[in-house]
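Enquirer: with the sequence up front, the predicted model follows.
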Amino acid sequence: MSLLRKIPLIDDLTRSPVPPGSNVLIEFEPTSQWYNSSLAMAAGWSKQGGDVGYNGFAQPPDRVRTQLTTLGVNVDELERDDRLLILDWYTPTLGRKSKDGIDSLRVADLSIEFRISDDPNEPATEWTETLRIADNFSTLARFNDEKSWIEFMLTRVFPLAPATNSTLVFGIMKGVHSEWAYRQLEGSADGVIEFKLQDTGQETRDVMQIRNMRNVHYNRELTELRIDENFLVHLKT
């Protein structure tokens, strides 16, 4: 039986942990603390003994490793034991093939890799009961038309969470897609959370807000974030 783990920041604002099999959509402003928060979630989950898959679109994998190490994660050991998987989606954005074998960000190619078998005896992936984080799926919109990448998200990415009894937390950038695209993703996600800056007129604050969460009671209020010297993000109390 799996241990009851908590996703840092998110489960700090819910009465009970987000159920495994959930897709949590993060809508973030580019200047918000989402990237640091995503690493805080990965670090906190791994320290509770959970497996983490981190999909880095916004920065190279070695930088992700360095930041996780700064947050107290034994990256070398966890990667060696297959408890931490850092996937390099950043290198293909530069027109080069990543060491993970990803050489195309066109959804026509990615759909083959993300296919879930119809055979009930064939596991969808060896990585089950995992916290899967993708820092910025909006990157795919640079290489695909909008309808294609939204269909890829809904038919290939979203099904992975329930198929593997994992939780998928994925970011998309605010203000770069059509209203139709945001509504499609929001309507299919089990949770919608926003990371942004709040200008009070006297100061600017880093905040997050749960806008919706299915099957879990949650705090809907804007919550201020605190960033430590090592860039670990907490809720400000």
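Expert: Everything's here; your move.

Enquirer: helices or strands next to the helix ranked longest in the chain in the packing?
Expert: The residue-count maximum for a helix in the chain (DSSP state H) belongs to helix 34-47. If you count contacts as 3 or more Cβ pairs under 8 Å, 6 or more residues apart in numbering; DSSP states H and E, helix 34-47 packs onto strand 23-28, strand 51-56, helix 61-70, strand 130-134, strand 167-173, strand 233-235. Yep, even glycine has a C-beta here, placed from its N, CA and C like the rest.

Enquirer: report the inter-axis angle for the second one versus strand 167-173.
Expert: Pointing back at strand 51-56 there. Orientation check (axes from the mean of the first three to the mean of the last three Cα atoms, to 10 degrees): strand 51-56 against strand 167-173 gives 20 degrees.

Enquirer: and strand 51-56, which strands flank it?
Expert: strand 84-88 (parallel), strand 130-134 (parallel) (DSSP bridges).

Enquirer: where in the chain is pLDDT low?
Expert: By pLDDT under 70, the low-scoring segments of the chain are 1-3, 112-128.

Enquirer: which parts of it are helices?
Expert: Under DSSP H, the chain gives helices at 34-47, 61-70, 75-80, 90-93, 107-113, 146-152, 160-164, 179-188.

Enquirer: so which of those helices gets nearest Glu129?
Expert: helix 160-164 (7.4 Å; Cβ to Cβ).

Enquirer: can you tell me which of the helices of the chain is most buried?
Expert: helix 34-47 (a mean of 24; mean count of other Cβ atoms under 10 Å).

Enquirer: can I get the helices of the chain in a markdown table with distance to Leu222?
Expert: Conversion of the helices of the chain to a markdown table gives the following (distance: least, Cβ to Cβ, whole Å):
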| stretch | distance to Leu222 |
| --- | --- |
| helix 34-47 | 15 |
| helix 61-70 | 26 |
| helix 75-80 | 33 |
| helix 90-93 | 31 |
| helix 107-113 | 34 |
| helix 146-152 | 28 |
| helix 160-164 | 27 |
| helix 179-188 | 18 |
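
Enquirer: hmm, Pro30 is touching Gly171, no?
Expert: No. Counting by Cβ atoms under 8 Å, Pro30 stays clear of Gly171, with 10.6 Å between them.

Enquirer: tell me which of these two has more neighbours.
Expert: Gly171 (27 against 15; other Cβ atoms under 10 Å).

Enquirer: mind checking how far that one is from Thr69?
Expert: Using Cβ to Cβ, to the nearest Å, we find Gly171 at a distance of 22 Å from Thr69.

Enquirer: list the buried ones in stretch 135-148?
Expert: Neighbour counts over stretch 135-148 (16 or more other Cβ atoms under 10 Å) mark Asp135, Asn136, Phe137, Ser138, Thr139, Leu140, Ala141, Phe143, Asn144, Ser148 as buried.
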